[in-house]
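Student: Okay, predicted coordinates and the sequence, questions at the end:
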Amino acid sequence: MQWSQKGRDRVPPTKHVQKQKLMHLQAIQLVKSLCEKIRSSNHSKVFELICKDVILVATRYGIHEVVEEVVESFPQAIWYVDKDNYNIFGLAVIYLCENVFNLIYQMSGHKQAMMFMGDKNGNMLHLAGRVAPFDKLNLVPGAALQMQRELQWFKEVVKFVIPRYKQIRNNENEFPSMVFTKEHKKLVEEGEKWMKDTANSCTIAAALIATIAFAAVAPMAQMASQFSQKQTHLLCNLSVHIHRVSINVILTSRYAEGDFLYVLPKRLIIGLVTLFMSITTMILAFSSTLYLVFGNNKEWTLIPVAALACLPVTSFVFLQFPLLVDLISSTYGHGIFGKKSDRLFY
């Protein structure tokens, strides 16, 4: 009875996702209904009190559907600013809400006007130069990828502002690039440490496997034929050279601020791929020699040998493959910016 009660209390993940989607659609429908009611009432004070807060709060939380619905019902709402004089795109830059910022791609005009902001704190590029809020930054795994995301945001904002914005100083006499460098100094240091720690951890794992494989292959290769001995040494030497290249590529890199955008992630990708190749070739050398020595006329021994040999490779893949996917996706993928819908926004 207790087991059946626990079973009923458990909600399958698919049902939970469906429930969340349903709640989301219902919330959007509620916003549509409220906009229709406010529009039909023709009450300017109600419009000011409700719609202004709704669109600004929705922007801070990255709910672009609500922003679209409000602007479609009340086009003038796009020009609303908060108490600090930040409009929806300024807030999207501050809080790293790419879903709201991407609405600029759906605008037919006024793009540079929406990116205009001039006060004592500087312009829109000065905002983009600030370090992201802690909760937003932690959505990206690893300090190096976080720094890459910050650079991507800064480059994206540069596309839509007036070129002379890059040469405007704020009240502290700083250019946008100077603000970015100052705000991200600590993140650059953390990114360098994270990359070196990642490289070292992978290197230690590969070195351990290489040591064990060499120790096992050396005596057994003498028992095998001359042909198999040459193949074994060739594979081992190849794996060692790949291993050295992977170390040098990552650990001897220059860790400049701009290098976190493409250069350093690319080198870490090369390092992870070559480490994987190094481990794979070493395991192939070990398993082939083991089979040649002990597997004569015993084909069934190939199965346990292959299974045991695959364990280090599989564990490495499970541990490092998600990181490799994130690196490739953030560096060479479609990115988080761009036109996401054909629906006209203002």
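Tutor: Good, I have the coordinates.
Student: Below-threshold pLDDT in the stretch 101-250 of the chain: ranges please.
Tutor: Applying pLDDT under 70 to the stretch 101-250 of the chain flags residues 118-120, 205-206, 208-247.
Student: Now do the strands in the stretch 1-150 of the chain.
Tutor: For the stretch 1-150 of the chain, applying DSSP state E, counting those that start in this stretch gives no strands.
Student: what ranges do the helices span in it?
Tutor: Assigned by DSSP state H, counting those that start in this stretch, the helices in the stretch 1-150 of the chain fall at 2-9, 13-41, 44-60, 64-73, 88-94, 98-101, 111-114, 124-128, 134-137, 143-160.
Student: Can you check what angle separates the strand or helix carrying Phe276 from helix 143-160?
Tutor: Per DSSP states H and E, Phe276 falls inside helix 263-294. With axes from the mean of the first three to the mean of the last three CA atoms, to 10 degrees defining the directions, helix 263-294 sits at 140 degrees from helix 143-160.
Student: helices or strands up against the following helix or strand past helix 263-294?
Tutor: Following helix 263-294 in sequence order, the next helix or strand is helix 302-332 (DSSP H and E). Under the contact definition 3 or more CB pairs under 8 Å, 6 or more residues apart in numbering; DSSP states H and E, helix 302-332 sits against helix 143-160, helix 185-223, helix 263-294. C-betas here are computed from N, CA, C, even on glycine.
Student: how about 6 Å then?
Tutor: Helix 302-332 sits against helix 263-294, with contacts defined as 3 or more CB pairs under 6 Å, 6 or more residues apart in numbering; DSSP states H and E.
Student: picking up where we left off before, just checking, what packs against the helix holding Phe276?
Tutor: Using 3+ CB pairs under 6 Å, 6+ apart: helix 263-294 touches helix 185-223, helix 226-251, helix 302-332.
Student: SS state for Asp342?
Tutor: Using DSSP: H, G, I helix; E, B strand; the rest coil, the secondary structure recorded for Asp342 is coil.
Student: out of everything not next to it in sequence, what's closest to it?
Tutor: Leaving aside its sequence neighbours, Asp342 sits nearest to Gln106 (CB to CB, 6 or more residues apart in numbering; 7.7 Å).
Student: Can you report how many residues lie near the one you found?
Tutor: For Gln106, the count of nearby residues is 16 (other CB atoms under 10 Å).
Student: what does Ala128 give?
Tutor: 22.
Student: Ok, Asn170 next?
Tutor: Asn170 - counted by other CB under 10 Å - has 19 other residues nearby.
Student: That one and Arg130: what is the separation?
Tutor: Per CB to CB, to the nearest Å, Asn170 is found 11 Å from Arg130.
Student: Glu174 too?
Tutor: Taking CB to CB, one finds Glu174 at 12 Å from Arg130.
Student: cool, and Arg343?
Tutor: Distance, Arg343 to Arg130, by CB to CB: 30 Å.
Student: What of Gln148?
Tutor: According to CB to CB, Gln148 and Arg130 sit 17 Å apart.
Student: more crowded one of those two?
Tutor: When neighbours are counted by other CB under 10 Å, Gln148 and Arg130 differ, and Gln148 comes out ahead with 22 against 19.
Student: which ones are touching the more buried one?
Tutor: Applying CB atoms under 6 Å, 6 or more residues apart in numbering to Gln148 gives the contacts Phe260, Leu261, Pro265, Ser330.
Student: looking at it, the third one is touching Thr331, isn't it?
Tutor: Yes - the pair Pro265 and Thr331 qualifies as a contact (CB atoms under 6 Å) at a distance of 4.5 Å.
Student: which of those two has more neighbours?
Tutor: Pro265 (23 against 19).
Student: who touches that one in this structure?
Tutor: Counting by CB under 6 Å, 6+ apart, Pro265 touches Gln148, Leu327, Thr331.
Student: how many neighbours does Val325 have?
Tutor: Neighbour count of Val325, defined by other CB under 10 Å: 11.
Student: go on, Ser287?
Tutor: For Ser287, using other CB under 10 Å, the count is 21.
Student: domain assignment for the protein?
Tutor: Under the assignment automatic domain parsing, the domains of the chain span 1-107, 115-183, 188-332.
Student: Now do the longest one: distance from first to last residue.
Tutor: Okay, so that is domain 188-332. One end of domain 188-332 sits 21 Å from the other (CA to CA, to the nearest Å).
Student: Could you do the shortest one as well?
Tutor: According to CA to CA, domain 115-183 extends 21 Å from its N-terminal end residue to its C-terminal end residue.
Student: How far off centre is that domain?
Tutor: Relative to its parent chain, domain 115-183 has a centroid offset of 18 Å by CA atoms, centre = their mean, to the nearest Å.
Student: Pick the one among the contacts of Gln148 closest to Ser33.
Tutor: Checking the contacts of Gln148 against Ser33 with CB to CB, the nearest one is Ser330 at 38.9 Å.
Student: got a list of what that closest one touches?
Tutor: Residues counted as contacts of Ser330 (CB under 6 Å, 6+ apart) are Leu145, Gln148.
Student: Could you check how far it is from Leu261?
Tutor: Distance of Ser330 to Leu261, given as CB to CB: 10 Å.
Student: Please apply the same query to Gln320.
Tutor: Separation of Gln320 from Leu261 (CB to CB) stands at 22 Å.
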